[in-house]
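Novice: A structural model of the following input is requested.
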Amino acid sequence: LKLFFVRALAPTLLVGASSAYYRAMCRVTSAASASSSHGRRRFSSMDSVGDEDVGSRCPPPTQIVASSQAEARADAFGEVSMIGDEGVDRRLLLPSPQPRVSKSEVEAAHFVDTSLWTPLEVELSRASCGAYDPRELAKRRRVPELLGSSFGTGSRVEVRGRVSMVTPTMCCRHKYHEALWACFEAQTCPDKELVVLETYETSPSAFLRKKAREDSRLVHVCIRVAPGKDFSVGLKRNMTLHLASGEYIVNFDDDDLYAACYAETMVVEMRQKGLCAVKLSSWYNFYVGTGECTYSDPSSWDEWASNQEELDAILYGYGFSYAHRRHVSLESPYPDVRFAEDAPFFLGLRNLYGPDKVKLLRDEAGICVHIMHRANSAEVLGTDDIDEEDIDDLAIANLAPFKSYRAAATLARQDGLLVTTIGEVIEALSGLAWADQRQPLVACA
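Specialist: Below is the predicted model:
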């Protein structure tokens, strides 16, 4: 009987002690100020918890992993395994004790207890004027309920090995959502999810709402905003980070296309090299108006930059190809800005974790295509043209949406039309549906 109670209560006691420790740390560090990098404040983290002192900040400093293992252990990365539900493999990082804004301000405005909220959660609530409720939206995360009541909202719980593809979007971009879903379904990752944060004025995406009812791997959160009062792209990206449940984050911009092996390629690169983050340093572009394909290599754009700092802003910008471990972005999230939120975020990760943990990856196989259309927010500078025969050899070539875009451009050229938006592409297709995603796909080199 004693053994039964010890086994039943040990995890609860450990969790309670950890929670009490965190509250104490919050009191000790409440006077500290947030550091800044590239015009934004960064969240701090605890480099030691309990008996484990971890000097490196990547891999993550402190984790509690619930699994089916029979006994607790601590490995070289400071991970602690606990007895948990059978077959459950999840990660819990203790919340950072350093607030980014005054929690009392949020409590006074929304009458909630934020004492165990993470700094990111406090900021999400404040910046959205309460429209984003971390308590309620954390329940939308695809993580079985575990330890959440003892650790705030439980937003630090992650599923080890899962890849979360995240997308901020809005009501005027509904035309991209079918291709976005097709890209997600094609990914070869064994455990994946698509997290979409959509703001809308009248009605959210009917396509994504239907898919979310049919497939639990889609987390589709819709927030209504007043005309002209939309959230910044940086804020919406941070919301997707909070909603994600995976160990890895892969950005999926709604208007770009990703080959079946894209996400797995980026995650394998991080795993094999022990990276915190990686992005493409070169990529292919496809112009929907003409059907032309080009290749961009910013490392050769010296003429566009007067110094190394400007060149780094180019090389580490273009957030459509970002991939990183989730926990690093919780410490150093995106700045709350409407444009050019990507370079400060990625350069912030490099400054925080070091250039040996944040790397660039050349894409010569064509695992991603940056779609160029009239609504693009980022300009692509000098590029090289790609022949039609070479396009057929790209990893993206057999992806159904890409084939449809090429078909639409061909139809437009034959009819003497000029297509400049995805909406016109869809119209040019005249009702052609996406091809079956189960067709053979070109493997990544």
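
Novice: which SSE is Gly234 in?
Specialist: In the assignment (DSSP states H and E), Gly234 maps to helix 233-243.

Novice: next, count neighbours for Tyr284.
Specialist: Residues lying near Tyr284 (other CB atoms under 10 Å) number 25. Every residue, glycine included, has its C-beta placed from N, CA and C.

Novice: dig out what it forms beta bridges with.
Specialist: Taking DSSP bridges as the rule, Tyr284 bridges to Tyr295, Val369.

Novice: isn't it up against Asp363?
Specialist: Yes: with contact defined as CB atoms under 8 Å, Tyr284 counts as touching Asp363 (7.1 Å).

Novice: tell me what the helix holding Gly234 is packed against?
Specialist: Counting contacts by 3 or more CB pairs under 8 Å, 6 or more residues apart in numbering; DSSP states H and E, helix 233-243 packs against helix 119-127, helix 134-137, strand 157-170, strand 192-200, strand 218-224, helix 326-331.

Novice: tell me the angle the first one makes with helix 233-243.
Specialist: Counting by axes from the mean of the first three to the mean of the last three CA atoms, to 10 degrees, helix 119-127 points 130 degrees away from the direction of helix 233-243.

Novice: in helix 119-127, which residues are buried?
Specialist: Residues of helix 119-127 classed as buried: 119-127 (neighbour count, 16 or more other CB atoms under 10 Å).

Novice: which of these lies closest to Asn251?
Specialist: When the buried residues of helix 119-127 are ranked by distance to Asn251 (CB to CB), Leu120 comes first, at 17.3 Å.

Novice: residues contacting Gln187?
Specialist: 163, 165, 258, 260-264 (CB atoms under 8 Å, 6 or more residues apart in numbering).

Novice: quick one: pLDDT of it?
Specialist: Looking at Gln187, its pLDDT reads 98.

Novice: then the one 4 residues further on?
Specialist: For Asp191, the model assigns a pLDDT of 97.

Novice: how about the one 4 residues further on?
Specialist: For Val195, the pLDDT comes out at 98.

Novice: hey, what's it bridged with?
Specialist: Here Val195, judged by DSSP bridges, has bridge partners Val166, Val219.

Novice: any idea how far it lies from Ala179?
Specialist: Relative to Ala179, Val195 is positioned 17 Å away (CB to CB, to the nearest Å).

Novice: can you give me the strands for the stretch 251-400 of the chain?
Specialist: For the stretch 251-400 of the chain, applying DSSP state E, counting those that start in this stretch gives strands covering 257-258, 277-287, 293-296, 323-325, 358-362, 368-372, 383-386.

Novice: mind putting these in JSON lines, mean pLDDT and distance to Thr240 included?
Specialist: Shown next, in JSON lines, are the strands of the stretch 251-400 of the chain (pLDDT from 0 to 100; distance: least, CB to CB, whole Å):
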{"stretch": "strand 257-258", "mean pLDDT": "98", "distance to Thr240": "16"}
{"stretch": "strand 277-287", "mean pLDDT": "94", "distance to Thr240": "16"}
{"stretch": "strand 293-296", "mean pLDDT": "92", "distance to Thr240": "25"}
{"stretch": "strand 323-325", "mean pLDDT": "97", "distance to Thr240": "12"}
{"stretch": "strand 358-362", "mean pLDDT": "95", "distance to Thr240": "20"}
{"stretch": "strand 368-372", "mean pLDDT": "92", "distance to Thr240": "18"}
{"stretch": "strand 383-386", "mean pLDDT": "84", "distance to Thr240": "29"}
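
Novice: can you tell which of those strands is closest to Gly154?
Specialist: Closest to Gly154 of these, according to CB to CB: strand 323-325, at 18.4 Å.

Novice: so, low pLDDT: which residues of the protein?
Specialist: Within the chain, the stretches with pLDDT under 70 are 1-114, 145-151, 301-304, 373-382, 415-445.

Novice: redo that, cut-off 80
Specialist: Scanning the chain for pLDDT under 80 picks out 1-115, 145-151, 298-306, 373-383, 412-445.

Novice: what segments of it are helices?
Specialist: Using DSSP state H, the helices of the chain run over 2-29, 103-110, 119-127, 134-137, 177-186, 206-214, 233-243, 262-273, 308-315, 326-331, 342-353, 388-392, 400-414, 422-429.

Novice: who does the third one touch, helix- and strand-wise?
Specialist: Here helix 119-127 is seen to pack against helix 103-110, helix 134-137, helix 233-243 when contacts are counted using 3+ CB pairs under 8 Å, 6+ apart.

Novice: switch the cut-off to 6 Å
Specialist: helix 103-110, helix 134-137 (3 or more CB pairs under 6 Å, 6 or more residues apart in numbering; DSSP states H and E).

Novice: re the thing from before, kindly reformat the buried residues of helix 119-127 as CSV containing distance to Lys175.
Specialist: Below are the buried residues of helix 119-127 laid out as CSV (distance: CB to CB, whole Å):
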residue, distance to Lys175
Pro119, 36
Leu120, 31
Glu121, 32
Val122, 35
Glu123, 31
Leu124, 28
Ser125, 31
Arg126, 33
Ala127, 28
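
Novice: now the closest residue to Pro190 other than its chain neighbours: how far from Glu269?
Specialist: In space, and not counting its chain neighbours, Pro190 is closest to Gly161: 7.8 Å by CB to CB, 6 or more residues apart in numbering. Between Gly161 and Glu269 the distance is 15 Å, computed by CB to CB.

Novice: same check on Leu411?
Specialist: 37 Å.

Novice: neighbour count winner among those two?
Specialist: Just comparing Leu411 and Glu269: by other CB under 10 Å the higher neighbour count belongs to Leu411, 17 against 14.

Novice: how close does Val195 sit to Val166?
Specialist: The gap separating Val195 from Val166 is 5 Å, by CB to CB.

Novice: intersection of neighbour lists for the two?
Specialist: Both Val195 and Val166 are in contact with 240, 244, where contact means CB atoms under 6 Å, 6 or more residues apart in numbering.

Novice: Asp356 - how many residues pack around it?
Specialist: Other residues lying near Asp356 total 12 when counted by other CB under 10 Å.

Novice: next one: Asp393
Specialist: Asp393 has 13 nearby residues by other CB under 10 Å.

Novice: returning to that earlier point: include distance to Arg350 when you put the strands of the stretch 251-400 of the chain into JSON lines, please.
Specialist: What follows is the strands of the stretch 251-400 of the chain, written out as JSON lines (distance: least, CB to CB, whole Å):
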{"stretch": "strand 257-258", "distance to Arg350": "23"}
{"stretch": "strand 277-287", "distance to Arg350": "8"}
{"stretch": "strand 293-296", "distance to Arg350": "21"}
{"stretch": "strand 323-325", "distance to Arg350": "11"}
{"stretch": "strand 358-362", "distance to Arg350": "4"}
{"stretch": "strand 368-372", "distance to Arg350": "21"}
{"stretch": "strand 383-386", "distance to Arg350": "25"}
